[in-house]
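Student: make a model of this:
(one chain, ligands or ions: 2)
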Amino acid sequence: MKPFRLIVIGGGSAGHAAARTAARLGLETLLVEAAPTLGGLCILRGCMPSKLLIATADRMRECRSADHFAVRNSSPRLDEAQLRRRLHQVISGFQDARRQEMAAAPYRLIRDRAQFIDPHTLRLENSGDTLRADAFIVATGSTPSIPPIPGLSDTPFWTSDEVTQFPSLPSSVTIIGSGAVGMEFAHLYEGLGSQVTVLSRSSRILSKLHPDLGQTVAAASEQRGIDIRFQTEAQSVRHDGSRFHLHLSDESHLCCQALILATGRSPSTSSLHLDQAGLTTDDTGRLPINELTQTSQPHIFAAGDCASPLPVVHLAVVQGEVAAHQAAHLRTDHQVTDRSWEPHLKMQGIFTHPEVVSLGVDPHDDELESQGLQQHRYSFSDLGKGEILNAQGHIRLVSEKSTGRLVGAHAVGPGVVDSSHVMLLAIKNRMTLDDLRRTPFYHPSLAEIWSYALDSD
Ligand SMILES: Cc1cc2nc3c(=O)[nH]c(=O)nc-3n(C[C@H](O)[C@H](O)[C@H](O)COP(=O)(O)OP(=O)(O)OC[C@H]3O[C@@H](n4cnc5c(N)ncnc54)[C@H](O)[C@@H]3O)c2cc1C
Ligand SMILES: NC(=O)c1ccc[n+]([C@@H]2O[C@H](COP(=O)([O-])OP(=O)(O)OC[C@H]3O[C@@H](n4cnc5c(N)ncnc54)[C@H](O)[C@@H]3O)[C@@H](O)[C@H]2O)c1
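Tutor: Ligands and ions are numbered 1, 2, ... in the order given. Here you go, the predicted structure:
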């Protein structure tokens, strides 16, 4: 068979964006997708189902706290069957849209599992066919990683794959892991009315972010009854047919109806035989890329969770698009592009209650001086709209001392993921504190808080 110009391995957010972009640039493109269902993690078992469930949990929580706003409506009741129907309907809609988009896309799709047999050749697991290409984009995503806790594998524990199907509403839930998945799920189940315990092996939650973000979420969580056990690990797990029994590192015991493992995700690279393509992963299994999505092989690019230091959707999509442009440049007269996926922007939003967003540079407080940076902070409780909404949290802007250029924006509070897009544009476009100061924000709005930070010193 004649070699393809490009083969994309994996058809989730990154792979679909890569294949669609490459085909539009005129490359004869093949996408190989192994999963029985098209759609990828974001639609099927990630962002979309989790945010749909969280939206219901948020409504339940709002009802319970309506007293503060003089509304007597404190005992909401969840209609589980209706929630499951809505989940199914909305996710099927997204799935159908993606399926139709892929069917109409100007690239060819093969449903099979691919692995490298040399730097220019793949073998397909089911058909046994071999396929050659000038260039490849690896976009194989990630899977939940499960620690070897004694007894765990004999129990019916859940990961995000199960939670996002909403199998049932347990009366009590223990969540192992306090990263983005663990804390979003803690707020999901607390909102829906379960008794929630989080086991965090460190002394913090959301420990990849600045400590003040996690501290505020932890305090708000505990206020609402989420039991966070810091520096505590599960030593063993047993299931008696109806309940889980955990023996913890502080020698205490915990009993719960559902157990959720939120202990990170591993890049799906091990079955690709990357060594046959002359590639190696780092010790987490991630295929390292630079800001142009290049791997150490000039004709192989990578995008999304299998390669990204920050596994989130907008980066998976942008990396896929950048990789397609790089692949097009290899063997055509497509203009060299220096479009990068802008790793310095590092935007991550976490949909806890309150929400968290982190964008750009965020040194620890004692590192600001040595890095020539300064920060400005403002609390939602000092903001007019914050007082009206009974909002908790704060925002922090980080800028260069010498130029005033904005380099970081971090916040915990209501609506901060949406409102921080203002700061995303400001940072991307190299705006300064003065530019921000001269921009009047609408009053009273929550977004206004980003401009108030400058009045704090
Ligand atoms: C519970 C949860 C909530 C999340 N919420 C958010 C959120 O709110 N916002 C956000 O930005 N991110 C969120 N994420 C992360 C986001 O879902 C991922 O970053 C994103 O979906 C990754 O896209 P991808 O294309 O890299 O991988 P995937 O969508 O996983 O696609 C990889 C594809 O490759 C295929 N594949 C694997 N190996 C092979 C092979 N050998 N041959 C052929 N095909 C193969 C797989 O079948 C899969 O379809 C969440 C994740 C989880 C788990
Ligand atoms: N809103 C969002 O954008 C969003 C939401 C959910 C997930 N995600 C993405 O999914 C990725 C995975 O999220 P995650 O929370 O699963 O991973 P994570 O790496 O952020 O957190 C994993 C947690 O598990 C703990 N852990 C790891 N191994 C453990 C062990 N053996 N015993 C006890 N604890 C252990 C870690 O200390 C950490 O608290 C994130 O990096 C994020 O990019 C994004």
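Student: and the residue in the chain that ligand 2 sits nearest to, what does it touch?
Tutor: Among all residues of the chain, residue 179 sits closest to ligand 2, at 2.1 Å; criterion: C-beta to the nearest ligand atom. In this view, the C-beta of every residue, glycine as well, is placed from N, C-alpha and C. Contact partners of residue 179, counting by C-beta atoms under 8 Å, 6 or more residues apart in numbering, are 206-208, 262, 264.
Student: and residue 147, by the same measure?
Tutor: 176, 261, 263.
Student: recalculate using a threshold of 6 Å.
Tutor: When contacts are counted by C-beta atoms under 6 Å, 6 or more residues apart in numbering, residue 147 touches residue 263.
Student: sec struct for it, please.
Tutor: Recorded secondary structure, residue 147: coil (DSSP: H, G, I helix; E, B strand; the rest coil).
Student: I'd like the distance between it and residue 283.
Tutor: Per C-beta to C-beta, to the nearest Å, residue 147 is found 16 Å from residue 283.
Student: which bits of the stretch 251-400 of the chain sit near ligand 1?
Tutor: Within the stretch 251-400 of the chain, the positions near ligand 1 by C-beta under 6 Å from any ligand atom are 268, 271-272, 304-305, 311-314, 316.
Student: most surrounded residue in those residues?
Tutor: Neighbour tally across those (other C-beta atoms under 10 Å): the maximum, 35 neighbours, falls on residue 304.
Student: pretty sure that residue sits against residue 138.
Tutor: No: applying C-beta atoms under 6 Å as the test, residue 304 and residue 138 come out as separate, 8.7 Å apart.
Student: picking that back up, any chance of CSV for the residues of the stretch 251-400 of the chain next to ligand 1, columns secondary structure and pLDDT?
Tutor: Shown next, in CSV, are these (DSSP: H, G, I helix; E, B strand; the rest coil; pLDDT from 0 to 100):
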residue, secondary structure, pLDDT
268, coil, 98
271, helix, 94
272, helix, 98
304, helix, 98
305, helix, 98
311, coil, 98
312, coil, 98
313, helix, 98
314, helix, 98
316, helix, 98
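Student: check these against ligand 2, which are close?
Tutor: With respect to ligand 2, and counting by C-beta under 6 Å from any ligand atom, the subset of those in contact is 311-312.
Student: from the residues of the stretch 251-400 of the chain next to ligand 1, which two are the most distant?
Tutor: 271 and 314 (26.8 Å; C-beta to C-beta).
Student: residue 363 - how many residues pack around it?
Tutor: By other C-beta under 10 Å, the residues close to residue 363 number 16.
Student: what does residue 105 give?
Tutor: There are 17 residues near residue 105, going by other C-beta under 10 Å.
Student: try the one 5 residues further on
Tutor: Applying other C-beta under 10 Å, we find 17 other residues in the vicinity of residue 110.
Student: again with residue 230
Tutor: Counted with other C-beta under 10 Å, the neighbours of residue 230 add up to 14.
Student: OK, contacts around it?
Tutor: Here residue 230 is in contact with 200, 203 (C-beta under 6 Å, 6+ apart).
Student: same thing with residue 210?
Tutor: Applying C-beta under 6 Å, 6+ apart to residue 210 gives the contacts 362, 410.
Student: again, but for residue 343
Tutor: By C-beta under 6 Å, 6+ apart, residue 343 lies in contact with residue 291.
Student: again, but for the one 4 residues further on
Tutor: With contact set as C-beta under 6 Å, 6+ apart, residue 347 has these partners: residue 359.
Student: now it: how far from residue 341?
Tutor: Going from residue 347 to residue 341 by C-beta to C-beta gives 11 Å.
Student: assess the claim that residue 8 and residue 17 are in contact.
Tutor: No: Residue 8 is not in contact with residue 17 according to C-beta under 6 Å; the separation is 9.4 Å.
Student: what are the buried residues along stretch 448-457?
Tutor: 448-453 (16 or more other C-beta atoms under 10 Å).
Student: same check on stretch 360-375?
Tutor: Neighbour counts over stretch 360-375 (16+ other C-beta under 10 Å) mark 360-363, 373-375 as buried.
Student: which of those fall in strands?
Tutor: Judged by DSSP state E, these include 360, 373-375 as members of strands.
Student: closest to ligand 1 among these?
Tutor: The closest of those to ligand 1 turns out to be residue 360 (C-beta to the nearest ligand atom; 16.4 Å).
Student: so what sits opposite the closest one in the bridge?
Tutor: Legend: beta-bridge partners of residue 360 under DSSP bridges are residue 408.
Student: and residue 275, that's in a strand?
Tutor: No: judged by three-state DSSP, residue 275 forms no part of a strand; its state is helix.
Student: which residues does it contact?
Tutor: For residue 275, the contact set (C-beta under 6 Å, 6+ apart) is empty.
Student: have a look at residue 8 and residue 17 and say which one is more surrounded.
Tutor: Neighbour comparison, residue 8 and residue 17: the larger count goes to residue 8, with 36 against 25 (by other C-beta under 10 Å).
Student: host element of that one?
Tutor: Residue 8 belongs to strand 4-9 when assigned by DSSP states H and E.
Student: what ranges does the stretch 101-250 of the chain have for its strands?
Tutor: Along the stretch 101-250 of the chain, counting by DSSP state E, counting those that start in this stretch, strands occupy 108-111, 114-118, 121-124, 130-138, 142-144, 172-176, 195-199, 227-229, 234-239, 244-248.
Student: nearest to residue 393, out of these?
Tutor: Closest approach to residue 393 among the strands of the stretch 101-250 of the chain (C-beta to C-beta): strand 227-229, 17.5 Å.
Student: near ligand 2 at all, the closest one?
Tutor: No: using C-beta under 6 Å from any ligand atom, we find that strand 227-229 stays clear of ligand 2, coming within 11.1 Å at best.
Student: identify the residues contacting that strand?
Tutor: Strand 227-229 is contacted from outside by 197-199, 218, using C-beta under 6 Å, 6+ apart.
Student: among those, which ones lie close to ligand 2?
Tutor: Within those, nothing lies near ligand 2 by C-beta under 6 Å from any ligand atom.
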